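Student: task: produce atomic coordinates for the following.
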Amino acid sequence: MSSRKIMMLLAALLIAVGAIVLARQALKPAADENGMPVVEEPKGPQVLVAARDLSAGSLLRESDMKWQTWSEEPKEHMLVKEQTNVDDYVGALSRGALRAGEPIMGNRVFRTHEQGFLSAALAPGMRAISLKITPVSGLAGLIFPGDHVDVIVAHNVPVPGADGQNRDRRVSETIVTNTRVLALDQKTDEKVTEPKIADVATLEVNPKDAEKIALIADWNSTVSLVLRSLTDNLAEMDAARAAANPALE
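Tutor: Modelled structure (predicted):
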């Protein structure tokens, strides 16, 4: 092999090695002065997305939403941070199910001030009914719209005595279980973080439970709301809704 061919091969080899080194440098993440890799912040507008999986008909809490960078041009009805007040969507009703990270579209939520909000918040076959509560029976303002409660009523029951005279005995019983609080007074959201004593609670119940609540208004009774855990199994509520509308089964 001639010396000219050898020189050309060496030059080609050096060019190839140089290209590999440059490619590795280009692919290597940038480092700060301490040698730690620098992670570039994603660029783009921030849009409002679901912070967790949400079912259809959920009343949005502040913790259910977050801002997330959107790498593409925002589509119509996306809620962009610079143009949106997130407080306007606290307490809004999600018309459809949302997965974590999915954008909250302005045309897919029903805000509290919009006409027909309460009827849209009701599950099929369910009813909304209000009842008067006291600071004690309403857990001193620590119940909020979206919470699930039981309804307990305490009332007098006449019991025959030894002398044949009836005497009142105070008894209590749970008349509604696992019902959702739709509103307190006329508020359907949680924008106020301080506990506020409400006078009226509006609950989502099936027709039979609505009759029970309407009946106790005529009794000399005390009504109490009992807060349920967020981790409670919702099978009872599903059964109540099925009883309200058998066609859903």
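Student: contacts only, for residue 185.
Tutor: 198-200 (C-beta atoms under 8 Å, 6 or more residues apart in numbering). For glycine as for every other residue, the C-beta is placed from the backbone atoms N, C-alpha and C.
Student: buried among those? Make that a PyMOL selection.
Tutor: To isolate the buried ones among the contacts of residue 185 in PyMOL, judged by 16 or more other C-beta atoms under 10 Å, type:
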select buried, resi 198
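Student: burial measure for residue 53, as a count.
Tutor: 13 (other C-beta atoms under 10 Å).
Student: and the strands in this protein?
Tutor: Remark: strands assigned in the chain by DSSP state E are 46-50, 65-69, 93-94, 109-110, 127-132, 148-160, 166-184, 200-205, 221-227.
Student: got those as a markdown table, with mean pLDDT and distance to residue 119 columns?
Tutor: Converted to a markdown table, the strands of the chain look like this (pLDDT from 0 to 100; distance: least, C-beta to C-beta, whole Å):
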| stretch | mean pLDDT | distance to residue 119 |
| --- | --- | --- |
| strand 46-50 | 93 | 24 |
| strand 65-69 | 92 | 24 |
| strand 93-94 | 84 | 10 |
| strand 109-110 | 84 | 10 |
| strand 127-132 | 88 | 8 |
| strand 148-160 | 85 | 20 |
| strand 166-184 | 85 | 11 |
| strand 200-205 | 89 | 11 |
| strand 221-227 | 84 | 23 |
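Student: dump those strands to TSV, plus distance to residue 3.
Tutor: Listed next are the strands of the chain as TSV, based on distance: least, C-beta to C-beta, whole Å:
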stretch	distance to residue 3
strand 46-50	64
strand 65-69	59
strand 93-94	78
strand 109-110	78
strand 127-132	96
strand 148-160	89
strand 166-184	89
strand 200-205	92
strand 221-227	92
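Student: nearest to residue 78, out of these?
Tutor: Nearest of the strands of the chain to residue 78, taken as C-beta to C-beta: strand 46-50 at 4.9 Å.
Student: chain center to that closest one: distance?
Tutor: Remark: strand 46-50 is offset 14 Å from the chain centroid, using C-alpha atoms, centre = their mean, to the nearest Å.
Student: elements contacting it?
Tutor: strand 65-69 (3 or more C-beta pairs under 8 Å, 6 or more residues apart in numbering; DSSP states H and E).
Student: check which helices and strands the strand it packs on sits against.
Tutor: Against strand 65-69 (3+ C-beta pairs under 8 Å, 6+ apart) you get strand 46-50.
Student: by how many degrees do the strand it packs on and strand 65-69 diverge?
Tutor: 140 degrees (axes from the mean of the first three to the mean of the last three C-alpha atoms, to 10 degrees).
Student: give me the residue at the spatial middle of the chain.
Tutor: Nearest to the geometric centre of the chain sits residue 60, at 4.1 Å (C-alpha atoms, centre = their mean).
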